[in-house]
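K.L.:
Turn this into a structure:
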Amino acid sequence: MAANPERGFKSLCVVGLGYIGLPTAAIFANRGVQVLGVDIDQRTVDLINNGKVHIVEPDLTLLVNKAVTAGHLRAATAPAPADAFIIAVPTPFKDDHQPDLTFLQAAVESLAAVIKSGDLVIVESTVPVGTTEQASTWLANLCPGLNFPHAAGFEADVYIAHSPERVLPGRVIIELAENDRVIGGLSTRCAKRAAEFYKIAVNGECLLTEARIAELVKLSENAYRDVNIAFANELSRVCSRLGIDAWETIELANHHPRVNVLKPGPGVGGHCIAVDPWFIVSSAPDETDLIRTARKINDSKPAHVVKQITNIATKIELLKVACLGLTYKADIDDLRESPAVEVVRQLAATEVGEILIVEPYVNSLPDSLANLDRIQLCDLDTALSLADVLVLLTDHQVFRDIDRQTLNKHRILDTRGAWR
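P.N.:
Next up is the predicted model:
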């Protein structure tokens with residue numbers, strides 16, 4: 001028997017309590033839905049059950065604490081029955097830039113023991129085209145008593161859709177509620193059912209389509225940004241070679257009414273823009289020369305920054321370099337694919353001198369840096385008092401606020417244009 005579309009959504013299970021899963025769980029819980037958040041990390045589970053959070057995001061602590069206190073949100077390490085399920089686990093790539101769906105498959109298959117007729121499953125993780133259909137197949141193989149939409153279409157017992165998150169760190173709570181939502185179903189019935197669910201908490205427009213299009217929409221958005229950032233990063237390298245101020249060049253070019261060159265930086269980071277373009281490349285390798293080249297340009301930018309630092313370092317004895325910032329963007333704690341981390345790692349390999357790292361949003365160095373020699377994490381005042389060279393890698397507000405008199409005491413390399 002096909003699923004009953006009249007059933008409401010009283011309960012939700014969110015698998016993956018990271019930068020998207022936890023805010024999503026908190027928002028729905030504060031709309032009166034009984035929410036179970038699932039994560040394999042027991043520390044994360046314990047923190048949430050105590051009304052605390054493990055990530056930095058404005059207003060998230062308040063929302064989580066309020067939902068937990070009201071009894072609408074709890075966390076566990078395994079799923080439980082619910083009316084709707086959201087999967088928001090990481091989808092990294094392997095060493096050869098092929099998608100790694102290990103976490104996603106494990107999350108999908110964990111639902112097999114609790115899923116029932118009428119349930120809605122939404123994949124929010126960013127995935128290669130065709131993955132939502134694959135998720136339906138994984139569940140079908142484990143749940144022979146139920147019909148799934150990849151095979152049964154309109155007559156399926158379970159609704160399955162893909163709806164990628166499209167939010168900016170630092171504004172996640174606002175944008176999850178206010179941004180338009182692209183919803184791709186494995187059938188039109190699946191898409192409509194998912195839209196009914198999102199309307200509980202989403203004020204933006206729900207745009208219905210098929211799953212494969214929704215998958216490519218998210219990948220296209222991030223590949224588009226990656227290509228545009230690559231132009232800015234390549235232009236900054238041209239300016240460096242010619243001895244020209246890249247920031248002034250871009251600022252003046254952007255006075256043209258149809259030109260909007262983005263700002264260059266030390267590379268591209270985060271789990272989306274630095275990763276998602278490879279998902280398109282893996283699906284159509286012979287048609288993606290531009291996307292592949294953009295990735296190459298942006299991935300090579302940390303090495304260019306290191307070369308700039310070493311050019312400065314050759315003029316100083318007993319050098320101390322202060323690298324300001326490790327996160328991939330300002331005023332958050334996210335280190336995923338951060339070019340700043342890669343700059344420090346490559347810089348350490350040059351034996352340029354002692355490296356002082358200042359990162360106000362983390363308490364310890366990431367694993368890729370923790371065991372390297374001549375590196376220490378310190379506070380900003382210490383770095384400013386000891387360093388010969390200041391390298392701005394992440395433009396946190398606290399770094400933007402360093403006064404010009406203090407900056408003038410050091411040689412500086414500003415990869416963000418924040419000290420101009």
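K.L.:
tell me the domain boundaries of the protein?
P.N.:
The chain breaks down by automatic domain parsing into domains covering 11-204, 220-414.
K.L.:
Mean pLDDT, mean neighbour count and distance to R420 for those - can I get that in CSV?
P.N.:
For glycine as for every other residue, the C-beta is placed from the backbone atoms N, C-alpha and C. Below are the domains of the chain laid out as CSV (pLDDT from 0 to 100; neighbours: other C-beta atoms under 10 Å; distance: least, C-beta to C-beta, whole Å):
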stretch, mean pLDDT, mean neighbour count, distance to R420
domain 11-204, 96, 20, 22
domain 220-414, 95, 18, 5
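K.L.:
wait, is L17 part of a helix?
P.N.:
No: under DSSP: H, G, I helix; E, B strand; the rest coil, L17 falls outside any helix and is assigned coil.
K.L.:
ok, and the closest non-adjacent residue to it?
P.N.:
Closest residue to L17 apart from its sequence neighbours, by C-beta to C-beta, 6 or more residues apart in numbering: D39 at 4.1 Å.
K.L.:
One more: Q42?
P.N.:
Ranked by C-beta to C-beta, 6+ apart and with sequence neighbours excluded, the top spatial neighbour of Q42 is T77, at 6.4 Å.
K.L.:
all helices for the stretch 151-300 of the chain, in order.
P.N.:
All helices of the stretch 151-300 of the chain, identified by DSSP state H, counting those that start in this stretch, fall at 172-178, 188-198, 211-242, 246-253, 276-283, 289-313.
K.L.:
what residues are up against the residue nearest the centre of the chain?
P.N.:
Compute the mean C-alpha point of the chain, and by C-alpha atoms, centre = their mean the closest residue is H271, 3.6 Å away. Counting by C-beta atoms under 8 Å, 6 or more residues apart in numbering, H271 makes contact with 19, 90, 92, 126, 334, 336-337.
K.L.:
repeat that with 6 Å
P.N.:
Going by C-beta atoms under 6 Å, 6 or more residues apart in numbering, H271 touches R336.
K.L.:
Please apply the same query to the one 3 residues further on.
P.N.:
Contact analysis of A274 by C-beta under 6 Å, 6+ apart lists 268, 337.
K.L.:
now do 10 Å
P.N.:
By C-beta atoms under 10 Å, 6 or more residues apart in numbering, the contact list for A274 reads 93, 222, 226, 229, 267-268, 295, 298-299, 328, 336-339.
K.L.:
Equivalent analysis for V15, please.
P.N.:
V15 touches 21, 25, 36-40, 78-79, 85-89, 103-104, 106-108, 110-111, 121, 124-125, counting by C-beta under 10 Å, 6+ apart.
K.L.:
redo that, cut-off 7 Å
P.N.:
Residues counted as contacts of V15 (C-beta atoms under 7 Å, 6 or more residues apart in numbering) are 38, 79, 85, 87-89, 107, 110.
K.L.:
How about it: which residues does it bridge to?
P.N.:
Note on V15: beta-bridge partners by DSSP bridges are V38, I87.
K.L.:
how about the residue with the largest distance to the centre of the chain, what does it touch?
P.N.:
In the chain, the greatest distance from the average C-alpha position (C-alpha atoms, centre = their mean) is reached by E317, at 39.6 Å. Applying C-beta under 7 Å, 6+ apart, we find E317 in contact with no residue.
K.L.:
Just say helix, strand or coil for it.
P.N.:
For E317, the assignment made with three-state DSSP gives coil.
K.L.:
repeat for the one 5 residues further on
P.N.:
Taking three-state DSSP as the rule, one finds A322 in the strand state.
K.L.:
quick one: contacts for F28?
P.N.:
12, 35, 200-201.
K.L.:
so the residue nearest to Q42 sits right up against V45, yeah?
P.N.:
Yes: T77 is within contact range of V45, at 5.9 Å (criterion: C-beta atoms under 7 Å).
K.L.:
what is in contact with those two at once?
P.N.:
With C-beta under 7 Å, 6+ apart as the test, T77 and V45 both reach D39.
K.L.:
With adjacent residues omitted, what lies nearest to V281?
P.N.:
For V281, ignoring the flanking residues on the chain, the nearest one in space by C-beta to C-beta, 6+ apart is T288 at 4.6 Å.
K.L.:
er, L380 I mean
P.N.:
Closest residue in space to L380, ignoring its immediate chain neighbours: V358 at 5.0 Å, by C-beta to C-beta, 6+ apart.
K.L.:
swap in N298?
P.N.:
Using C-beta to C-beta, 6+ apart and skipping the chain neighbours, the partner closest in space to N298 is V268 (4.2 Å).
K.L.:
got it, and Q308?
P.N.:
Of all residues not flanking Q308 in the chain, L413 sits nearest, at 5.6 Å (C-beta to C-beta, 6+ apart).
K.L.:
Would you mind measuring from the one you found to L390?
P.N.:
Distance of L413 to L390, given as C-beta to C-beta, to the nearest Å: 7 Å.
K.L.:
what sits against the closest residue to V321 other than its chain neighbours?
P.N.:
Leaving aside its chain neighbours, V321 sits nearest to V389 (4.7 Å; criterion: C-beta to C-beta, 6+ apart). Under the criterion of C-beta under 7 Å, 6+ apart, the neighbours of V389 are 309, 312-313, 319, 321-322, 410-411, 413.
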